[in-house]
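1. Give me the fold of what follows.
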Amino acid sequence: MGQKAISIFQSCIPLFQVLSDNHRQAILLTLSEKGSMTVNEITDQFSLSRPAISHHLKLLLEKGLISVEQKGTQRYYSASLTSSVALLKELVTAMEEECL
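-> Numbering: from 1, shown residues only. The predicted structure follows:
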């Protein structure tokens, strides 16, 4: 594998790490399917506690996989995959160019 692909791959590692958890995968898929939701609405979809959901949301937010919008007293979470998908596409392209 070439240096460019290795560099991009290393940039993807934090993304892979946060997505390695089944609960975070399910939360992200739920937000992708249902759109903007509050933490309570998300918690209603899973058998996890509200603090556990909040923890997973925090990690997803830190990696830019979701976004949050404050509306009054509620925080609405939604999937925000554009930059992550772009990074993964860049990795695939670099690997295709260097490995095929």
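2. Counting by contacts, list what the helix or strand hosting Leu29 packs against.
-> Using DSSP states H and E, the element containing Leu29 is helix 22-34. If you count contacts as 3 or more Cβ pairs under 8 Å, 6 or more residues apart in numbering; DSSP states H and E, helix 22-34 packs onto helix 3-19, helix 39-44, helix 50-62, strand 74-79. For every residue, glycine as well, the C-beta is placed using N, CA and C.
3. Generate TSV for those, with distance to Glu33, mean neighbour count and mean pLDDT as supplementary columns.
-> Formatted as TSV, the helices and strands packed on helix 22-34 follow (distance: least, Cβ to Cβ, whole Å; neighbours: other Cβ atoms under 10 Å; pLDDT from 0 to 100):
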stretch	distance to Glu33	mean neighbour count	mean pLDDT
helix 3-19	16	14	92
helix 39-44	12	16	96
helix 50-62	15	16	97
strand 74-79	9	17	97
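4. circling back: ok, residues contacting the helix holding Leu29?
-> 18-19, 37, 42, 45-46, 48, 52-53, 56-57, 59-60, 65-66, 77-79, 81 (Cβ atoms under 8 Å, 6 or more residues apart in numbering).
5. could you redo the helices and strands packed on helix 22-34 as a markdown table and give each row distance to Glu97?
-> Output for the helices and strands packed on helix 22-34, formatted as a markdown table (distance: least, Cβ to Cβ, whole Å):
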| stretch | distance to Glu97 |
| --- | --- |
| helix 3-19 | 8 |
| helix 39-44 | 39 |
| helix 50-62 | 30 |
| strand 74-79 | 29 |
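6. Any idea which of these gets closest to Cys99?
-> The closest of the helices and strands packed on helix 22-34 to Cys99 is helix 3-19. By Cβ to Cβ, the value is 7.2 Å.
7. the inter-axis angle of that closest one versus helix 22-34?
-> With axes from the mean of the first three to the mean of the last three Cα atoms, to 10 degrees applied, the angle from helix 3-19 to helix 22-34 works out at 90 degrees.
8. Determine how far helix 3-19 lies from the middle of the whole chain.
-> 14 Å (Cα atoms, centre = their mean, to the nearest Å).
9. same thing with stretch 41-55?
-> Offset of stretch 41-55 from its chain centre (Cα atoms, centre = their mean): 16 Å.
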